[in-house]
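Trainee: sequence first, then the predicted structure, then my questions.
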Amino acid sequence: MQYDIEKNNWAKISHSKVLQEQYILRSYLNFLNHGCKSFGFNQNQLVQLKKSSATYLATSGSANPLTDDEKNFIEMFSRGTNHYHNHGLESISSCAEAVRQIRRKQKHKSSIYSNKVDGQKVFRKEREYTHGFFNGQSVHKKFETLSQCFAQKWWRDKQSRTNIIIKVDALSQKISYEKAERGRAGNWNYNSDERNTLILTPSWFKNVFMKGLATTIYKSKTAFIAKANPIEVSEKIKSQNLNAYVVDVVTCYDGIIDVEHDLYCLAYESKPSEQLSVHDDFGGNVPLPQGEAHKMGLTNNVIYTPAETINSVSSNFRRAENVMSGRVQKNILDAMGV
């Protein structure tokens, strides 16, 4: 992921420790991959420099595999009379150590990297992918669980009177749904008998929820965005810091859901998303099913905060743009207390 500080991206990076670490890691790797070539070292010398300091390599005996000529070449840099000549080369080993520390932190309790089971080291081919959330499962399984949990919570909070079951299909690129046969008005026992079913893709959590797009107002009612694909727009739209998507919107009336495909959505991001790791295994905010945490052996140690956005959805792009302009202006006036 590439960031250009000069193009007003610092505001996004400064609000997220994850993005800051990614930027630092990428910068150090760029230095190690490209900057080291300026010294004219061969691959063997670079490998050893990344492991140990230049002073150690130039003075040690049989502890490293460098030839006398290779060590003498390093010594030319590390034995200068100037203080900065003596220590300038140490930046290579220092940057390599910084990369190792950042990667070690990222691997800790990662969903795609786990090399310990019951405190014992486990090699990649021997790993068990059934022993816990955020602890060795595949990426699809991670986002499948996140999408299902946060989507189900959305319906409990925003449309609590609509009975719906959320499922996630990792093998499908399209959403699908099944309507309840009868709504609230036509069935006195609606709460126990009737259920809608909505099947999402695992990418919903990352591409919709974390971008702040899950909730929208469509036809004057609260609606659920089930899928969002970004699209290219004119420079005029980009200059207003607006993002454009083609979305699938789920509406509900009388307890029965319906889906409208390929609508236009414009979104203005007022605050970026954030992920914060916590040390307490159950200190995160993933809305796990009640009573299921211990049975499923899940670990919940990340606080996910979606982006805050103002958005507008319509079947007509120009109409979505006009409505969006009015909502942004209203938000600005409300913030000013006008």
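Mentor: Looks like it arrived, so ask away.
Trainee: centroid residue for the chain?
Mentor: The centroid of the chain falls nearest to residue 206 when counting by C-alpha atoms, centre = their mean (6.1 Å).
Trainee: so what pLDDT did the closest residue to that one other than its chain neighbours get?
Mentor: The shortest distance from residue 206 to any non-neighbouring residue, by C-beta to C-beta, 6 or more residues apart in numbering, is to residue 143 (6.3 Å). Backbone N, C-alpha and C define where each C-beta goes, glycine included. The per-residue pLDDT reported for residue 143 equals 86.
Trainee: for residue 143, helix, strand, or coil?
Mentor: State at residue 143, reduced to three classes by DSSP: H, G, I helix; E, B strand; the rest coil: helix.
Trainee: would you mind measuring from it to residue 209?
Mentor: Here the criterion is C-beta to C-beta, to the nearest Å. By it, residue 143 lies 10 Å from residue 209.
Trainee: those two: which is more packed in?
Mentor: residue 209 (23 against 20; other C-beta atoms under 10 Å).
Trainee: neighbours around residue 303, how many?
Mentor: 14.
Trainee: also residue 101?
Mentor: If we define neighbours as other C-beta under 10 Å, then residue 101 has 11 of them.
Trainee: surely residue 264 touches residue 313?
Mentor: Yes. The criterion here is C-beta atoms under 8 Å, and residue 264 meets it with residue 313 at 7.0 Å.
Trainee: going by neighbour count, list what's buried in the strand or helix carrying residue 104.
Mentor: Mapping residue 104 onto the secondary structure by DSSP states H and E places it in helix 90-107. Applying a neighbour-count criterion of 16 or more other C-beta atoms under 10 Å, one finds 91-93, 95-96, 98-99, 102 buried in helix 90-107.
Trainee: for stretch 38-53, same thing?
Mentor: Here stretch 38-53 shows 39, 41, 45-46, 48-50, 53 as buried, counting by 16+ other C-beta under 10 Å.
Trainee: and the residue nearest to the centre of the chain, helix, strand or coil?
Mentor: Following three-state DSSP, the label given to residue 206 is helix.
Trainee: do the one 5 residues further on as well
Mentor: Assigned state for residue 211: coil (three-state reduction, three-state DSSP).
Trainee: and the spatially closest residue to it that is not a sequence neighbour, how many neighbours?
Mentor: The shortest distance from residue 211 to any non-neighbouring residue, by C-beta to C-beta, 6+ apart, is to residue 307 (5.5 Å). Residues within reach of residue 307, counting by other C-beta under 10 Å, total 18.
Trainee: list the contacts for residue 307?
Mentor: For residue 307, the contacting residues are 210-212, 269, 271-273, by C-beta atoms under 8 Å, 6 or more residues apart in numbering.
Trainee: tell me where the stretch 1-150 of the chain has strands.
Mentor: 116-117, 120-121 (DSSP state E, counting those that start in this stretch).
Trainee: circling back: separation between the residue nearest to residue 211 and residue 91?
Mentor: Noted for residue 307: a distance of 36 Å to residue 91, by C-beta to C-beta.
Trainee: what's the particular helix or strand that has residue 313 in it packed up against?
Mentor: Taking DSSP H and E as the criterion, residue 313 maps to strand 308-314. Under the contact criterion of 3 or more C-beta pairs under 8 Å, 6 or more residues apart in numbering; DSSP states H and E, strand 308-314 touches strand 215-218, strand 256-271, helix 317-336.
Trainee: just the buried positions in the shortest one, please.
Mentor: For strand 215-218, a neighbour-count test (16+ other C-beta under 10 Å) marks 215-216, 218 as buried.
Trainee: let's have those residues in a markdown table, adding distance to residue 183 and pLDDT.
Mentor: Conversion of those to a markdown table gives the following (distance: C-beta to C-beta, whole Å; pLDDT from 0 to 100):
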| residue | distance to residue 183 | pLDDT |
| --- | --- | --- |
| 215 | 22 | 95 |
| 216 | 22 | 94 |
| 218 | 19 | 92 |
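Trainee: what would the residues you listed look like in JSON lines with distance to residue 232?
Mentor: Below are the buried residues of strand 215-218 laid out as JSON lines (distance: C-beta to C-beta, whole Å):
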{"residue": "215", "distance to residue 232": "25"}
{"residue": "216", "distance to residue 232": "21"}
{"residue": "218", "distance to residue 232": "23"}
